[in-house]
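Peer 1: what's the 3D shape of this:
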Amino acid sequence: MRILVIGSGAREHALAWKCLQSPLAERVYVAPGNGGTAAVARNLPVPADDVAGLVRAARKERIGLAVLGPESAVAAGVGDALREAGIPVFGPGRAAGRIESSKAFAREVMLRAGIPAPESETFTEPGPARRWARRYGGRVAVKADGLALGKGVIVCDTPEQADQVIDEMLVQRRFGQAGATIVIQERLEGSELSVFGLTDGRRVIPLAPARDFKRARDGDEGPNTGGMGAYSPPVGVTPELVDEVTRRVLVPAIQELARRGLEYRGVLYAGLMLTSEGVRVLEFNARFGDPEAQVILPRLSSDLVPLLVSAALGELPAHPWLEWSDRAAVGVVVASGGYPEGYETGFVIEGLSTVPKDVLVFHAGSRAVEGRGLVTSGGRVLTMVGLGASVEEARMAALSGAVRVRFPGAFFRRDIAHEAVRA
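Peer 2: Have a look, this model is predicted:
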């Protein structure tokens, strides 16, 4: 079988790497890919949201399975077009994918399905939004309704900060049309958790949980990013808790989408907060998380490809057996200086040849330039993944890889998964 992974990030590198381990994979393509995927698969120079271009490429290469990576591909309707062309797709269509691309739609789904979530409200005008935020003393999360590359959620501490963020989104249009509607959510206290469920539109199979770290700097300081690192399994998270999330969150969401006539085939990602009152859903994503995929997939001992194919065809087995490694995985993102705000690219990436052989290196913001080698091309450049008998061992392995990578402005968090070590 020829497999097409759509996207250019570290998540897509990890997916291609995992698919290549399957005896079912004749060849793996990545569109458009990056400097790292070019070393393990064949890159196709087609953007992830180029619907017509991806259909042409899939037909030309006789693709037997397409895997949607980023939210941009889902929102563009790539899944719909490929299915219409007769190509099995692991990933939802545009309409079902609104559970990520529209925070307001996701809120409707959660309310209707009875999914536990924070108090929230949807706004298009700044006045009512400011008044609602003040009910919570300004301790709220303000979310752009549409896609904003992981940067459309601003956590506020004071009424003044909430007012400023609301004005930036609704008045100054900081996120353009994506922020023309906003959702404001009460701010909760607790530990965050990511749980993923593979689904064929009826059944849901949970994967191993992970915890990611969104703030740019150590100690959870700095602005929100797309994710600066992750680890699996998270401290204090039991199989019983994952079962509860599957039963109370993932299954009801899929059932509510189906009730609306929206068949969801792919992976549904629930971003959760573990509060003193129980699990609460902060957001849904319509694809594998990044950087969570980079630490979950290396722990999966089972063949991933049959699961992807079964979900794409609407034929997931009722009682699948997934085998997981007992080893922990920790991923540390090496980012460009200034990320997630302004940053420069085009710097030569040095030190990759000195990274320990047992550290996995998943590329995101890298590209090959003739005569220069690999250079930076994005904000999150690499994810270094360490595996170990304990989280501490895996963490030290990941950091041993991160410290060897060099380019001007490179930085990474040194406290990823440190909570598990303290525990």
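Peer 1: which stretches of the stretch 51-200 of the chain have low pLDDT?
Peer 2: 149-150 (pLDDT under 70).
Peer 1: isn't residue 98 right up against residue 108?
Peer 2: No: the pair residue 98 / residue 108 is not scored as a contact, 9.6 Å apart, by Cβ atoms under 8 Å. C-beta coordinates here come from the backbone N, C-alpha and C atoms, glycine included.
Peer 1: wait, a helix at residue 195?
Peer 2: No: the assignment for residue 195 (DSSP: H, G, I helix; E, B strand; the rest coil) gives strand, which keeps it out of a helix.
Peer 1: start at 23, not 1
Peer 2: With 23 as the first residue, the last one maps to residue 217.
Peer 1: which stretches of the stretch 273-422 of the chain form strands?
Peer 2: Here the stretch 273-422 of the chain has its strands, by DSSP state E, counting those that start in this stretch, at 288-297, 300-307, 350-357, 382-385, 388-391, 395-398, 402-410.
Peer 1: make JSON lines from these and add mean pLDDT to it.
Peer 2: Below are the strands of the stretch 273-422 of the chain laid out as JSON lines (pLDDT from 0 to 100):
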{"stretch": "strand 288-297", "mean pLDDT": "96"}
{"stretch": "strand 300-307", "mean pLDDT": "95"}
{"stretch": "strand 350-357", "mean pLDDT": "98"}
{"stretch": "strand 382-385", "mean pLDDT": "98"}
{"stretch": "strand 388-391", "mean pLDDT": "96"}
{"stretch": "strand 395-398", "mean pLDDT": "97"}
{"stretch": "strand 402-410", "mean pLDDT": "98"}
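Peer 1: and among these, the most buried is which?
Peer 2: Highest mean neighbour count of the strands of the stretch 273-422 of the chain: strand 350-357, a mean of 29 (counted as mean count of other Cβ atoms under 10 Å).
Peer 1: can you give me the angle that one makes with strand 402-410?
Peer 2: 160 degrees (axes from the mean of the first three to the mean of the last three Cα atoms, to 10 degrees).
Peer 1: can you give me the helices for the stretch 123-272 of the chain?
Peer 2: For the stretch 123-272 of the chain, the helices defined by DSSP state H, counting those that start in this stretch cover 125-135, 148-156, 181-192, 261-267.
Peer 1: so which of the ones you listed is nearest residue 364?
Peer 2: helix 181-192 (16.4 Å; Cβ to Cβ).
Peer 1: tell me what the closest one is packed against?
Peer 2: Applying 3 or more Cβ pairs under 8 Å, 6 or more residues apart in numbering; DSSP states H and E, one finds that helix 181-192 makes contact with helix 148-156, strand 162-166, strand 204-208.
Peer 1: any idea which of these gets closest to residue 91?
Peer 2: Here strand 162-166 is closest among the helices and strands packed on helix 181-192 (Cβ to Cβ), at 21.2 Å.
Peer 1: buried residues in the closest one, which are they?
Peer 2: By 16 or more other Cβ atoms under 10 Å, the buried positions in strand 162-166 come out as 162, 163, 164, 165, 166.
Peer 1: name whatever forms a beta bridge with the second one.
Peer 2: Partner residues in beta bridges with residue 163, using DSSP bridges, are residue 177, residue 207.
Peer 1: that one touches residue 206, doesn't it?
Peer 2: Yes: using Cβ under 8 Å, residue 163 makes contact with residue 206 at a distance of 7.3 Å.
Peer 1: just to revisit the earlier point, and of the strands of the stretch 273-422 of the chain, who's closest to residue 325?
Peer 2: Nearest to residue 325, of those and by Cβ to Cβ, is strand 288-297 at 16.1 Å.
Peer 1: next one: that closest one to chain centre, how far?
Peer 2: Relative to its chain's centre, strand 288-297 lies at 10 Å (Cα atoms, centre = their mean, to the nearest Å).
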